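Visitor: Curious how this folds, go ahead:
(2 chains)
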Amino acid sequence: MSKGTISLIVIGVVVLLLVGGALTSYNGLVQKDEAAATAWSNVQSQYQRRADLIPNLVNTVKGYAKHESTTLESVVAARAKATQLTVNADELTPEKMKQLQAAQGELSQALGRLLMITENYPELKANENFRDLQAQLEGTENRINESRRQYNEVVKAYNIGIRSFPANIVAGLFGFEKRTPFEAEAGAEKAPSVEF
Amino acid sequence: MRNLNSLAVFLLLCCLLCPLSLNAEKWTAENLPMVYLQDARRHVCNPDGVLDEATVSSTDSLLTALEKDKGVQTVVVVVKQIEGGDPYEFGMALTRKYGVGSAKQNSGLIVVLATEDRAYQILTGTGLEGTLPDAICSRIERRVMVPRLKRGEWGPAISETMKAIDGYVRGDESLTAEADDEEDVPLALAICIAMIFLGFWGFIFVALSAQQKCPKCKQAHLRVVKRQRVKIANRSGWCICETLRCPRCGHEKVVYKEEENNNFGGAAMGPVVLGGRRSSGSSFGGSFGGSFGGGMFGGGGAGGRF
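Guide: This next block holds a predicted model:
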């Protein structure tokens, strides 16, 4: 065998390995990308679930606590603002994420205030319908947290995937871009202060 | 003076810490003994002995029947204290560690009660959220569980709650018992079993062919023509005396083997190899350890404090 043939074979093997490696890392990236998109849609549907519960909750509270109209209105307004803002997984820039988190955070706070004032209405608290709604709302908050946690996990795996060698070359070639995770909620990092 | 001060601080710290260390263990998902893995018929983790034996065994049999009939895998944890005091976080950590429920139906169920934290939680797998919506879980807790918890009746609180849940789950026609098909066995385990099986037979085949090739004509395998159970001097047990004959040249050979201790032969091998009580393998039968299927939990369920 001449030197030329040997070098040709070597080049062929190297090219094959490269193409094979590129293929596997491309497929791996596609998988991770798809997982992130699925996790994001799960987050969105949990937010939607919360938004769907609110009209019912507001109506129930209204029946017992007519004087709390400002709190009720702020919940309705925050809900309207939050539902307007739905973002596709692919156009999820850090700015968009910030807006979305702000809107949803505002809704969380308004809901928190609403649930706080219900403490003053024993009849409302004894209402079965209200207690069911409250349980549903708590479950939904838990689901939101869980879906956000899962989203952050798959996004982390994806982001590590597109930055590690050799997948980063493939990611650059096919335009896989970094995805944005949820930031910790503002104020969440502070320990709650107790006031007397 | 400064020394005195630091000594005082140290003593104060000791006083503060001592009662804590004397308290019962604060359980986490990591250190909680998961009895189900040792025995698939045990669903109630009761490491602090909060529940009495009767409640544990009746709840265990209820939940074993439920798993068999409806494919709902349940873990009940009753402890005094949990780390952090939040039964929701504790339950979710358990699901992440063990993956309670089948991966196909996602029908896992976790009930946590921490009596000294005075907190409880029901967690439903994503496939159970339709059967046991949050509002239903909350109603069961309000009507069945909490009144008993307030009176400190831990046993009745748990057994009545599980009966109520059992009623709801059995009322749901869409839930089915898991078929024991091959897909449920984790792939790695299946490969292990296959390799053990193949290796076993391969070994026998090699051993047989090596032993029984006719030493004279080397063309045919020797066949056993006579087998006797004999007692030989210097040996304590019985021996097997085999007479082998070559079908081609008629060469005969006599072999003595020690009798194996068990009389079941190869048939006993399977369960002995697979059924170690501490193995994390799949559930082969009632008394063997259980395994969790990797079910998903999305945070559904309800909980509270009493």
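
Visitor: Could you use CA atoms for every contact and neighbour count after this?
Guide: OK.

Visitor: Can you show me the helices along chain A?
Guide: Taking DSSP state H to define them, one finds helices in chain A at A:3-64, A:69-84, A:94-118, A:122-126, A:128-163, A:167-174.

Visitor: which residues sit against the shortest one?
Guide: Surrounding helix A:122-126, the residues in contact under the criterion Cα atoms under 8 Å, 6 or more residues apart in numbering or on different chains are A:61, A:64, A:118-119, A:130-131.

Visitor: By mean pLDDT, point me to the weakest helix or strand of the chain.
Guide: Picking chain A for this. Taking mean pLDDT, DSSP states H and E as the measure, the helix or strand of chain A with the lowest value is helix A:167-174, at a mean of 88.

Visitor: I was after chain B.
Guide: Of all the helices and strands that make up chain B, the one with the lowest confidence by mean pLDDT, DSSP H and E is helix B:269-274; it has a mean of 34.

Visitor: could you point out which element follows that one?
Guide: Proceeding N to C from helix B:269-274, the next assigned helix or strand is strand B:297-305, under DSSP states H and E.

Visitor: Just want the angle from that following strand to helix A:3-64.
Guide: Orientation check (axes from the mean of the first three to the mean of the last three Cα atoms, to 10 degrees): strand B:297-305 against helix A:3-64 gives 30 degrees.

Visitor: what does the stretch 1-150 of chain B have sitting close to chain A?
Guide: By the criterion of Cα under 8 Å from any Cα of the partner chain, the positions of the stretch 1-150 of chain B lying close to chain A are B:134-136, B:138-139.

Visitor: my bad, the stretch 151-300 of chain B
Guide: Counting by Cα under 8 Å from any Cα, the residues of the stretch 151-300 of chain B close to chain A are B:298-300.

Visitor: Output the residues you listed in CSV; the columns should cover neighbour count, distance to A:S164 and pLDDT.
Guide: CSV is the format used below for these (neighbours: other Cα atoms under 10 Å in any protein chain shown; distance: Cα to Cα, whole Å; pLDDT from 0 to 100):
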residue, neighbour count, distance to A:S164, pLDDT
B:G298, 24, 30, 89
B:G299, 27, 32, 88
B:G300, 27, 36, 90
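
Visitor: In terms of pLDDT, where does the closest residue to A:N159 other than its chain neighbours sit?
Guide: Residue nearest to A:N159 in three dimensions, not counting chain neighbours: A:K178, with 5.7 Å by Cα to Cα, 6 or more residues apart in numbering or on different chains. Among the per-residue scores, A:K178 shows a pLDDT of 90.

Visitor: A:K178: what's it in contact with?
Guide: With contacts defined as Cα under 8 Å, 6+ apart, A:K178 is in contact with A:158-159, A:162.

Visitor: now do A:Q48
Guide: A:T83.

Visitor: What does the pLDDT read for it?
Guide: Checking the pLDDT column for A:Q48, the value is 93.

Visitor: A:A186 now?
Guide: As summarised for this prediction, A:A186 has a pLDDT of 55.

Visitor: what's around A:E128, how many residues?
Guide: Using other Cα atoms under 10 Å in any protein chain shown, the number of residues around A:E128 comes to 13.

Visitor: I'd say B:Y168 and B:E129 touch.
Guide: No - B:Y168 sits out of contact with B:E129 when judged by Cα atoms under 8 Å, with a separation of 11.7 Å.

Visitor: Give me the more crowded residue out of these two.
Guide: When neighbours are counted by other Cα under 10 Å, B:Y168 and B:E129 differ, and B:E129 comes out ahead with 21 against 14.

Visitor: and the more buried one, what does it touch?
Guide: For B:E129, the contacting residues are B:300-301, taking Cα under 8 Å, 6+ apart as the criterion.

Visitor: If we use 10 Å, what do you get?
Guide: The contact partners of B:E129, by Cα atoms under 10 Å, 6 or more residues apart in numbering or on different chains, come to B:106-107, B:109, B:123, B:136-137, B:297-301.

Visitor: Under the pLDDT cut-off, which ranges of the stretch 1-150 of chain B? List them.
Guide: Scanning the stretch 1-150 of chain B for pLDDT under 70 picks out the ranges B:1-24.

Visitor: how many other residues sit next to A:S2?
Guide: 6.

Visitor: ignore the last one, A:K156
Guide: For A:K156, the tally of surrounding residues (other Cα under 10 Å) stands at 17.

Visitor: re earlier: which of the contacts of helix A:122-126 are the two that sit furthest away from each other?
Guide: A:Y64 and A:R131 (13.5 Å; Cα to Cα).

Visitor: Any chance of JSON lines for the residues of the stretch 151-300 of chain B next to chain A, columns distance to B:R248?
Guide: As requested, those are arranged in JSON lines below (distance: Cα to Cα, whole Å):
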{"residue": "B:G298", "distance to B:R248": "71"}
{"residue": "B:G299", "distance to B:R248": "74"}
{"residue": "B:G300", "distance to B:R248": "75"}
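
Visitor: Backbone dihedrals for the residue in the stretch 51-200 of chain B that chain A sits nearest to, please?
Guide: When distances are taken as Cα to the nearest Cα, the stretch 51-200 of chain B approaches chain A most closely through B:A135, which lies 4.7 Å from it. When quoted as degrees, to the nearest 10, the phi and psi of B:A135 stand at phi -60, psi -40.

Visitor: How about it: what's its closest non-neighbour residue?
Guide: What sits nearest to B:A135 in space, not counting adjacent residues and going by Cα to Cα, 6+ apart, is A:D132, at 4.7 Å.

Visitor: Can I take it that B:A93 is in a strand?
Guide: No - applying DSSP: H, G, I helix; E, B strand; the rest coil, one finds B:A93 to be helix, outside a strand.

Visitor: show me what contacts it?
Guide: Contact analysis of B:A93 by Cα under 10 Å, 6+ apart lists B:28-30, B:87, B:99.

Visitor: Residues of chain A that sit close to chain B?
Guide: When proximity is defined as Cα under 10 Å from any Cα of the partner chain, chain A approaches chain B at A:42, A:46, A:128-129, A:131-147, A:150.

Visitor: so B:R170 touches B:L66, yeah?
Guide: Yes - with contact defined as Cα atoms under 10 Å, B:R170 reaches B:L66; the gap is 7.9 Å.

Visitor: can you list the contacts of helix A:122-126 in JSON lines and add pLDDT and neighbour count?
Guide: Formatted as JSON lines, the entries for those read as follows, by pLDDT from 0 to 100; neighbours: other Cα atoms under 10 Å in any protein chain shown:
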{"residue": "A:V61", "pLDDT": "92", "neighbour count": "22"}
{"residue": "A:Y64", "pLDDT": "89", "neighbour count": "16"}
{"residue": "A:T118", "pLDDT": "90", "neighbour count": "17"}
{"residue": "A:E119", "pLDDT": "88", "neighbour count": "11"}
{"residue": "A:F130", "pLDDT": "93", "neighbour count": "19"}
{"residue": "A:R131", "pLDDT": "92", "neighbour count": "18"}
